[in-house]
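Colleague: Sharing a model prediction with you, sequence too.
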Amino acid sequence: MVRFKDIQVGDAIPALVKPALDRVQIAMFAGATGDFNPIHIDDQAAQANKLPGIIAHGMLSMAFLGQLLTNWAPQKALRGFSTRFTAMAFPGDIITCRGVVKAKIEENGENLVDLELSAVNQKGEQTLAGKARIALP
Amino acid sequence: MLDQSIVGREYAPFTVEVEKGRLRAFAKAIGETNPVYLDEAAAHDAGYRSLPAPPTYAFTIMMDADQGFKVLEDFGIDKARTVHGEQGFVYHRDICAGDVLSGRQRIVEFAEKKGGALQFITTEIALVNQDGLPVCELRLVIVVRNG
């Protein structure tokens, strides 16, 4: 279990490298979330929207960042989590999730750590930028 | 026509049940391997009443409540001209299988950039559980591209 006193500003939390995105996973995520926007399912529909083919849901990559967080601290410790979607992810992309401690705050009797988050693809391009606040013992 | 007058607009309240099977399907779809999200015994050991909803699952609750494209339908905006710009969550309490969550979507901000070529619509939903207690707030930014 991670403890507040052991964390320093600038520390990186353990990165999460996900297996390459595949079409089956994107289809499963569409079913699991109810987001059947055709640009995630049908290549022709994606191409009609000037995309090379289907793209992964931005929320799938955000869910990967969520895993990064819950692998590091229990979800009950999570106070806030937000992301900006900065680039698209495609089948075959390998997404790596990273987090760095930006601040340590004591507030309302809780020890809070603010993390800066990013998801990048195999070319090093950022697909998501985010923030999270986690309460640590 | 999108302008500041849309701020404050509210949509009909909704109620959604958090289903165990959906939670498992979601966990599998994201490649989750932590047993807390897949196995009820492990969830109980971790202090949950039942399988917990992962951090971004509240977005799925919003989709289940047909709230995902509410603003686009309301203003007749072509989905193909929009992107999901930002998503945020503030957490107050666990969401677990069997919970019945209620909320209502409200437009809280409107902004334009590049002389209206890009428009940003921000909505918020505060979810409360079956006991009337706040569980999670969602903040969604939709980007509309014009021209």
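Modeller: Perfect, thanks for sending it. All values reported here derive from a predicted model rather than from experimental measurement.

Colleague: residue in chain A nearest to chain B?
Modeller: Taking C-beta to the nearest C-beta as the measure, the point where chain A comes nearest chain B is residue A:82, at 3.3 Å. The C-beta positions use only the backbone N, C-alpha and C, and glycine is treated the same way.

Colleague: Against residue B:144, how distant is the residue of chain B most remote from its centre?
Modeller: Of all residues in chain B, the one whose C-alpha sits farthest from the chain's mean C-alpha position, using C-alpha atoms, centre = their mean, is residue B:115 at 29.4 Å. Distance, residue B:115 to residue B:144, using C-beta to C-beta, to the nearest Å: 14 Å.

Colleague: Could you give the number of residues near residue A:57?
Modeller: Using other C-beta atoms under 10 Å in any protein chain shown, the number of residues around residue A:57 comes to 21.

Colleague: go on, residue A:102?
Modeller: 14.

Colleague: and it, what element?
Modeller: Using DSSP states H and E, residue A:102 sits in strand A:96-107.

Colleague: So which elements touch that strand?
Modeller: Secondary structure elements in contact with strand A:96-107, counted by 3 or more C-beta pairs under 8 Å, 6 or more residues apart in numbering or on different chains; DSSP states H and E, are strand A:12-17, helix A:58-72, strand A:110-120.

Colleague: Can you add mean neighbour count and mean pLDDT and give those back as JSON lines?
Modeller: Compiled in JSON lines, those are given as follows (neighbours: other C-beta atoms under 10 Å in any protein chain shown; pLDDT from 0 to 100):
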{"stretch": "strand A:12-17", "mean neighbour count": "14", "mean pLDDT": "98"}
{"stretch": "helix A:58-72", "mean neighbour count": "24", "mean pLDDT": "98"}
{"stretch": "strand A:110-120", "mean neighbour count": "20", "mean pLDDT": "98"}
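
Colleague: and residue B:106, which of the ones you listed is closest to it?
Modeller: The closest approach between residue B:106 and any of the helices and strands packed on strand A:96-107, judged by C-beta to C-beta, belongs to helix A:58-72 at 20.7 Å.

Colleague: any idea how far the helix or strand following the closest one is from the chain center?
Modeller: Going down the chain from helix A:58-72, the next helix or strand is strand A:78-85, by DSSP H and E. Between the mean C-alpha point of strand A:78-85 and the mean C-alpha point of its chain there is a distance of 9 Å (C-alpha atoms, centre = their mean, to the nearest Å).
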